[in-house]
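Q: everything below, folded, please.
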Amino acid sequence: MTNSRKDMFSRISQLSKNAPLQETSNSTNEFPLKNPDDSVSSPSTNPATPKRRAKAVRRAKNVQIPEDLWDAYDALKEKNVTSLLMTPYILEAFREKLARDGAFEK
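A: Here you go, the predicted model:
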């Protein structure tokens, strides 16, 4: 079965190496407008559209955690004091700190 797969992939590889690259479109506008006056309006030219930009959300993907905190966490895990993984442990501590600072009070 592996030989048939290998043969199939080698045939596909040979075909793709010899295949010419062709573009079939000769016109620059494949989808012509119905009327020459019709155009797509951008938000800057359309006065009815509000000029409000969405704020880009940027989040850190990796948090730098000092090694001494990892060691303390590992010690707690070895003693079976916590069953949480590191991420929920950090989130719980963060939530507690926000609550102490009054972030959830309205």
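
Q: show me what secondary structure element comes after the helix or strand bottoming out on mean pLDDT in the chain.
A: Of all helical and strand segments in the chain, the minimum by mean pLDDT, DSSP states H and E falls on helix 2-18, at a mean of 80. Sequence-wise, the next helix or strand downstream of helix 2-18 (DSSP states H and E) is helix 67-78.

Q: and that following helix, what's buried?
A: Buried residues in helix 67-78, counted by 16 or more other C-beta atoms under 10 Å: Tyr73. Yep, even glycine has a C-beta here, placed from its N, CA and C like the rest.

Q: quick one: low-confidence residue ranges for the chain.
A: Within the chain, the segments meeting pLDDT under 70 span 1-2, 21-52, 54-56, 59-60.

Q: please repeat the previous calculation with a cut-off of 80.
A: For the chain, the stretches with pLDDT under 80 are 1-3, 15-63, 83-84, 106.

Q: and the least confident helix or strand of the chain, what other elements does it pack with?
A: Under the contact criterion of 3 or more C-beta pairs under 8 Å, 6 or more residues apart in numbering; DSSP states H and E, helix 2-18 touches no helix or strand at all.

Q: and that helix, what's buried?
A: Within helix 2-18, no residue qualifies as buried by neighbour count (16+ other C-beta under 10 Å).

Q: and if you look at stretch 79-99?
A: Tyr89.

Q: what's that stretch in contact with?
A: The contact list for stretch 79-99 (C-beta atoms under 8 Å, 6 or more residues apart in numbering) reads Val63, Ile65, Trp70, Tyr73, Leu76, Phe104.

Q: got a list of what the last one touches?
A: Which is Phe104. Phe104 is in contact with Leu98, counting by C-beta under 8 Å, 6+ apart.

Q: helix, strand or coil: sort out it for me.
A: coil (DSSP: H, G, I helix; E, B strand; the rest coil).

Q: now do it against Ser4, distance only.
A: According to C-beta to C-beta, to the nearest Å, Phe104 and Ser4 sit 63 Å apart.

Q: only alpha carbons, please: show the least confident helix or strand of the chain as PDB.
A: Output of helix 2-18 as PDB, limited to C-alpha atoms (Å, rounded to 0.1, in the frame of the first residue of the first chain):
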ATOM      1  CA  THR A   2       2.900   2.400   0.700                       C
ATOM      2  CA  ASN A   3       4.300   1.800  -2.800                       C
ATOM      3  CA  SER A   4       1.000   2.800  -4.400                       C
ATOM      4  CA  ARG A   5       0.900   5.900  -2.300                       C
ATOM      5  CA  LYS A   6       4.500   6.700  -3.100                       C
ATOM      6  CA  ASP A   7       3.900   6.100  -6.800                       C
ATOM      7  CA  MET A   8       0.800   8.400  -6.700                       C
ATOM      8  CA  PHE A   9       2.800  11.200  -5.000                       C
ATOM      9  CA  SER A  10       5.700  10.800  -7.500                       C
ATOM     10  CA  ARG A  11       3.300  11.000 -10.400                       C
ATOM     11  CA  ILE A  12       1.600  14.100  -9.000                       C
ATOM     12  CA  SER A  13       5.000  15.600  -8.400                       C
ATOM     13  CA  GLN A  14       6.100  15.000 -12.000                       C
ATOM     14  CA  LEU A  15       2.900  16.400 -13.300                       C
ATOM     15  CA  SER A  16       3.100  19.600 -11.300                       C
ATOM     16  CA  LYS A  17       6.700  20.100 -12.300                       C
ATOM     17  CA  ASN A  18       5.800  20.000 -16.000                       C
END
